[in-house]
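**Q** Build me a structure from this.
(2 chains)
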Amino acid sequence: MTTAPAAPPAGDVVLSLAGVTKRFGAVQALSDVHLDVRAGEVVALVGDNGAGKSTLVKVISGVYTPDEGDITFAGRKITVGGPSEAQALGIATVFQDLALCDNLDVVANLFLGQEKRRAGVIDEVHMEKEAWRLLRTLSAKIPSVRIPIASLSGGQRQTVAIARSLVGNPKIVMLDEPTAALGVAQTAEVLNLVERLREPGLGVILISHNMADVQAVADRIVVLRLGRNAAEFRVEDATTEELVAAITGASDNVVSKRATRGEHHE
Amino acid sequence: MSDPSASTVAADLADERLIRTQGLGGYAHLFWNRLRSGELGSLPVVIGLVIICIGFYSQEPRFLSSRSLVSISQFAAPIGIIALGIVLVLLLGEIDLSVGSVSGFTAATMAVLLVDHGQSMLVAILAAMAVGVAIGALYAVLYTKLGVPSFVFSLAGLLGFQGALLYVLGKNGTINLPSDSFLVQFTRFEFLSPAMSYVLVVAIGLLYVAAQLLTIRQRTAAELSSPPIALVLVKGALLVGGLGALTYYVNIDRGWSYLWLFFVLLVVLMDLALRRTRWGRHVFAVGGNEEAARRSGIKVSRIYFSVFALCSMLAAVGGLLAAGLQTSVSQASGTTDTNLTAIAAAVIGGTSLFGGRGSAYSAMLGIIVLQAIQTGLNLVGVDSSVRFMVTGAVLLIAVAIDSVSRRLRTSSGRG
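**A** Modelled structure (predicted):
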């Protein structure tokens, strides 16, 4: 974003979770999870179904309160009371089911809940101008901001959802499965967006099932398994086999077997 | 910003895939394309109204007389105001079947306070409106806290408040309002003088053009595209010309009634509230995708509260005005076909039953159509049985058009 000079230089830890624990009755969803996100860094959060990814996202976005553990944001210990509080702090979340209103146009969706006003009425002109600025910074391909969301493609909808997360000038953007239902070209488009979020110094948390996507854009990969930190890789060090092994908790699986078979043949 | 051509082209037209519109011809073309893709707006209603007018005029020329138009507009207003509340509820994808009973009950409350208890008109009117708001608040609590579907609680309200109407009226069954009371005077005998009516027409035209020019200036300053000034002037001229001609015609008889002007004022205010305020935007958002609205930080239950309360309050206002127009409140007030006429008017006018789509003007258009049919059938001398059947058929056609245009919109990507 062009107007985010306040972003700290890459390398400072913006969001830090330590010892986060969350129980649902008898189920220990998260135990002693730690996670650091630096400015200008894309951290991928991977894990199998039920590994605790979604719970962790909801803890960070304020939907759940952790039973134990500290969340430090921009050097300050915080408690997040709810989604709108998280947003006000500077933690934006793009949910998996995009949460857009099909009947409203792009501008209305971008500013939903935080409409700009002038003398009591909605300032459409200001909002439209701002919408174009946001979409430009993402190099987004939206033909018009005055068409209803229903007429956009899946990738364009994802673009609008991501652009919306930028409206409040956040420091951290969390993307929950942003490429889950997208085609090849649209996935590439969204991955480009993730790249562009990092450039001005935003911390990005990317939750994904897709190892190819994760390896394409992430700087660091944090693996959760059964609610615990299972492993952490720098993306250049991680191979798909290692990742799969960390996710499943076993080196003995089809992917690694085939990989070793391939090595034997060479 | 990186695009070098962006400096010469308005920011919102920079995408090369957009088809440029140029000149008035371009806008006419754009309008035609919108129609083809199912964005019918109010066109079906207007066409329907023209057909109705031609049909009744050929049977009975008095239908289009100045006197008839004045009474159509005057008698359309009370139920039109009730339909305005229905539009709000429909925008949320909910329904209120009890507006008729509520209008009758609140009118009876007013009449009892005024006639039996000797309270002043102001107190009686305020009390009736407060009862309306309280009923809406009760509905909102039932909906948001207990999760009772609107269909069910408003059906209960339909029966319950009809009972309350009978209870409040007591043994007499009918309360006549004094003919010199404010409500009766306002609804039956107040008309705008010819001179004032033309001043009003010109003022509306000037306001429209001024508002449009202001928008154009702001958009140009923000480097966004804007419609050509010629288009605005043409529209303004058409508006003044059309309204002026109509005003001339109704001035042959008594002119515009205050009652009708009050209704139009409410419609315009509601339209501005829906399109230009945060509250209106949130109503559309909740109607379109409640979960998305909630996650955006919109207080969804407050929106429900405001809409149900406004709907019942508008029902109360409509009931009061209807009572004034009939100079009495009886056991039949708001009971017979008030409910369904109000709901039908909103739907015929183009507000979708499925939520998130519609406008305040649909209440006005719809009630004009229904009142025109009623007046026409009365003039032709047809039994009221036929009127119900015709109204039912019109409602069916309107909903069918809504469904077809939804399909068209889906297939042409306009949602």
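**Q** And the strands in chain A, which stretches?
**A** A:13-24, A:27-38, A:42-47, A:68-73, A:76-78, A:91-94, A:117-118, A:121-122, A:172-176, A:203-207, A:220-225, A:228-234 (DSSP state E).
**Q** Quick one: list the elements packing against the last one.
**A** If you count contacts as 3 or more C-beta pairs under 8 Å, 6 or more residues apart in numbering or on different chains; DSSP states H and E, strand A:228-234 packs onto strand A:27-38, strand A:220-225, helix A:240-248. From N, CA and C alone the C-beta is placed, and that goes for glycine too.
**Q** With respect to burial, which of the ones you listed scores highest?
**A** Burial of these is given as mean neighbour count (mean count of other C-beta atoms under 10 Å in any protein chain shown); strand A:220-225 ranks first at a mean of 23.
**Q** what angle do it and strand A:27-38 make?
**A** Put simply, strand A:220-225 runs at 170 degrees to strand A:27-38, going by axes from the mean of the first three to the mean of the last three C-alpha atoms, to 10 degrees.
**Q** So which residues make contact with strand A:220-225?
**A** Contacts to strand A:220-225, defined as C-beta atoms under 8 Å, 6 or more residues apart in numbering or on different chains, come from residues A:33, A:35, A:41-48, A:51-53, A:56, A:214-215, A:229-235, A:238, A:243, A:246-249.
**Q** B:G349 contacts B:L370, correct?
**A** No - using C-beta atoms under 8 Å as the test, B:G349 is too far from B:L370 to be in contact (9.5 Å).
**Q** that older thread, for the helices and strands packed on strand A:228-234, could you give me JSON lines that also reports mean pLDDT and distance to B:R294?
**A** Converted to JSON lines, those look like this (pLDDT from 0 to 100; distance: least, C-beta to C-beta, whole Å):
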{"stretch": "strand A:27-38", "mean pLDDT": "89", "distance to B:R294": "23"}
{"stretch": "strand A:220-225", "mean pLDDT": "90", "distance to B:R294": "27"}
{"stretch": "helix A:240-248", "mean pLDDT": "83", "distance to B:R294": "33"}
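**Q** Nearest to A:I205, out of these?
**A** strand A:27-38 (6.0 Å; C-beta to C-beta).
**Q** what's that closest one packed up against?
**A** strand A:13-24, strand A:42-47, helix A:53-60, strand A:203-207, strand A:228-234.
**Q** mind putting those in JSON lines, mean pLDDT and distance to B:G205 included?
**A** Formatted as JSON lines, the helices and strands packed on strand A:27-38 follow (pLDDT from 0 to 100; distance: least, C-beta to C-beta, whole Å):
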{"stretch": "strand A:13-24", "mean pLDDT": "89", "distance to B:G205": "56"}
{"stretch": "strand A:42-47", "mean pLDDT": "90", "distance to B:G205": "57"}
{"stretch": "helix A:53-60", "mean pLDDT": "87", "distance to B:G205": "55"}
{"stretch": "strand A:203-207", "mean pLDDT": "91", "distance to B:G205": "53"}
{"stretch": "strand A:228-234", "mean pLDDT": "86", "distance to B:G205": "68"}
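**Q** would you turn these into JSON lines with mean neighbour count?
**A** Shown next, in JSON lines, are the helices and strands packed on strand A:27-38 (neighbours: other C-beta atoms under 10 Å in any protein chain shown):
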{"stretch": "strand A:13-24", "mean neighbour count": "18"}
{"stretch": "strand A:42-47", "mean neighbour count": "26"}
{"stretch": "helix A:53-60", "mean neighbour count": "23"}
{"stretch": "strand A:203-207", "mean neighbour count": "25"}
{"stretch": "strand A:228-234", "mean neighbour count": "16"}
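**Q** Out of the ones you listed, flag the one nearest B:P228.
**A** Nearest to B:P228, of those and by C-beta to C-beta, is strand A:203-207 at 43.7 Å.
**Q** next one: that closest one to chain centre, how far?
**A** Distance of strand A:203-207 from its chain centroid, counting by C-alpha atoms, centre = their mean, to the nearest Å, is 4 Å.
**Q** and the direction of it versus that of strand A:220-225, what angle?
**A** Using the same axes, to 10 degrees, strand A:203-207 lies at 40 degrees relative to strand A:220-225.
**Q** tell me the SS of the residue positioned nearest the centre of chain B?
**A** In chain B, the residue lying closest to the centroid (C-alpha atoms, centre = their mean) is B:A363, at 2.4 Å. At B:A363 the chain is in helix, as set by DSSP: H, G, I helix; E, B strand; the rest coil.
**Q** now A:A246: how far from A:D48?
**A** 10 Å (C-beta to C-beta, to the nearest Å).
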